[in-house]
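What shape does this take:
(2 chains)
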Amino acid sequence: DAGVIQSPRHEVTEMGQEVTLRCKPISGHNSLFWYRQTMMRGLELLIYFNNNVPIDDSGMPEDRFSAKMPNASFSTLKIQPSEPRDSAVYFCASSPEYSNQPQHFGDGTRLSIL
Amino acid sequence: AQSVTQLGSHVSVSEGALVLLRCNYSSSVPPYLFWYVQYPNQGLQLLLKYTSAATLVKGINGFEAEFKKSETSFHLTKPSAHMSDAAEYFCAVSGSGNTGKLIFGQGTTLQVKP
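Next up, the predicted model:
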């Protein structure tokens, strides 16, 4: 079975540019999560969706960050404009919408903003 | 509200020694608990999960964890460390509601010395 698929795996761009990260969850999973991981702050939950609806975006750091889930098989996380402090590894995870089920993580996107 | 505390951000053991990674949780409802492992430059992988079926849970790669309600703990152990066990380990508890959200601890980096 295909796992959670993220693209791109690596992104290097200059400050001020728009960045779009993509995620394809596991088929049949109702919940999707975006995380950011840095050395300083560890693993942070940015936003999560249930049945394509954003449930909690309190972890989104600023208005420069936005996320969408137009259908059950695709989600994007966008940063516009990007800043050097946005450099991090961004993970997408999906799970069935039951609290006794684990989340399945993608391999992440390593983002570097110059 | 649910929370997780991992005691010790870094643990170092010799190859062949016992591995013990500590996790304490707080939950207002019967918890579901998870341990994940993250190898360098990879996403998080599920090691094991506790979903109330048995208090001693066996996972992959020889790891196991014991749920102790009286101590609100879910410590991860492995009898004999291998060099390949060097990684970061995360404990997580299910969030409130039925959306699959997890509350993660800050992680423990395991170093295995030859």
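
residues in contact with residue 9?
In the absence of a named chain, chain A is used. Applying CB atoms under 8 Å, 6 or more residues apart in numbering or on different chains, one finds that A:Arg9 lies in contact with A:107-110. To be clear about C-beta, it is placed using only N, CA and C from the backbone, and glycine gets the same treatment.

meant chain B actually
Applying CB under 8 Å, 6+ apart, one finds that B:Ser9 lies in contact with B:106-109.

Those in strands, which ones?
In this view, those that belong to strands under DSSP state E are B:108-109.

Show me how to select, in ChimeraX, the buried members of the contacts of B:Ser9.
One line in ChimeraX is enough to select the buried members of those, burial here meaning 16 or more other CB atoms under 10 Å in any protein chain shown:
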select /B:107,108
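
Let me know the closest of the contacts of B:Ser9 to chain A.
B:Gln106 (5.2 Å; CB to the nearest CB).

Can you tell me, leaving aside adjacent residues, what's nearest to that closest one?
Leaving out its chain neighbours, the residue that sits closest to B:Gln106 by CB to CB, 6 or more residues apart in numbering or on different chains is A:Gly42, at 5.2 Å.

likewise A:Glu44?
A:Arg36 (4.9 Å).

Which element, helix or strand, includes that neighbour?
In this assignment (DSSP states H and E), A:Arg36 forms part of strand A:31-38.

just to revisit the earlier point, out of the contacts of B:Ser9, which comes closest to B:Val19?
Of all those, B:Val19 sits closest to B:Thr108, with 10.2 Å by CB to CB.

Pull the contacting residues for the closest one.
The contact partners of B:Thr108, by CB under 8 Å, 6+ apart, come to B:6, B:8-11, B:21-22, B:88-90.
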